[in-house]
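Trainee: Structure of the sequence below:
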Amino acid sequence: MKKVMTMVALILASTLTYACADGAKQQNSTEAKEAEAGGNVIVMNKDLFLKDVFDYEKSQEWKYKGDKPAIIDLYADWCGPCRLTAPIMKDLAKEYADKIVIYKVNVDKEKELAALFNATSIPLFVFIPMNGEPQLFRGAADKATYKKAIDDFLLKKE
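Mentor: Here you go, the predicted structure:
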């Protein structure tokens, strides 16, 4: 009887593991498709950063690879101010969909990217213009502050 119960438990555990992994895969696929549609905050990992932003493994001199100015939001799930700014970034991604790209990087999962920007406190926002050096913005702010930074620095509206 004990062997049968152990076998049932193992089968149940493997079924749940497979179902959860498949669900996560489907969710990631859905998120990627939504992000491609524009107007969404794109979850970024190291590979995407190297491909679309800057390949620091091949060059020490900053050269942005994107076709639109960008914001990178370095955050953590446990961070209260990060949770407050997330809906603002989502709104801005929709509002500026054809003009800028907004990425988010979980510093707990992407430690190398966090170290690259010296993210000792979060939220940390990296504003990346088409030309010139990126600028760091530390801490949470209101939507108007981010809009001003986008208009004045990224889009250079007078």
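Trainee: in the sheet, who's paired with the residue most central in space within the chain?
Mentor: Among the residues of the chain, the one closest to the centroid is residue 104, at 1.6 Å (C-alpha atoms, centre = their mean). As for beta bridges, residue 104 partners with residue 43, residue 73 under DSSP bridges.
Trainee: contacting residues around it?
Mentor: 41, 42, 43, 44, 72, 73, 74, 75, 86, 89 (C-beta atoms under 8 Å, 6 or more residues apart in numbering). The way it works is simple: take the backbone N, C-alpha and C, and place the C-beta from them, glycine included.
Trainee: ok, 6 Å please
Mentor: 41, 43, 73 (C-beta atoms under 6 Å, 6 or more residues apart in numbering).
Trainee: Tell me how many other residues surround the first one.
Mentor: Spelled out, it's residue 41. Neighbourhood size, residue 41 [other C-beta atoms under 10 Å]: 22.
Trainee: ditto for the last one
Mentor: Using other C-beta under 10 Å, residue 73 is surrounded by 25 other residues.
Trainee: Please verify my assumption that it contacts residue 87.
Mentor: No: using C-beta atoms under 6 Å, residue 73 makes no contact with residue 87, being 11.6 Å away.
Trainee: Residues in contact with both of those two, list them for me.
Mentor: Counting by C-beta under 6 Å, 6+ apart, residue 73 and residue 87 have no common neighbour.
Trainee: Okay, strands next: where are they in this protein?
Mentor: For the chain, the strands defined by DSSP state E cover 41-43, 70-75, 101-106, 124-128, 135-138.
Trainee: Residue 57 and residue 49: what is the separation?
Mentor: Applying C-beta to C-beta, to the nearest Å, the value for residue 57 to residue 49 is 10 Å.
Trainee: Among the two, which residue is more densely surrounded?
Mentor: Under the neighbour definition other C-beta under 10 Å, residue 57 and residue 49 were set side by side, and residue 49 has more, 20 against 8.
Trainee: residue contacts, the more buried one?
Mentor: Residues near residue 49 by C-beta under 6 Å, 6+ apart: residue 113.
Trainee: any idea how far it is from residue 144?
Mentor: 28 Å.
Trainee: Name the residues that touch stretch 143-157?
Mentor: 69, 88, 92, 100, 127, 129.
Trainee: Just the endpoints, please. Distance across it?
Mentor: Distance between the two ends of stretch 143-157: 17 Å, counting by C-alpha to C-alpha, to the nearest Å.
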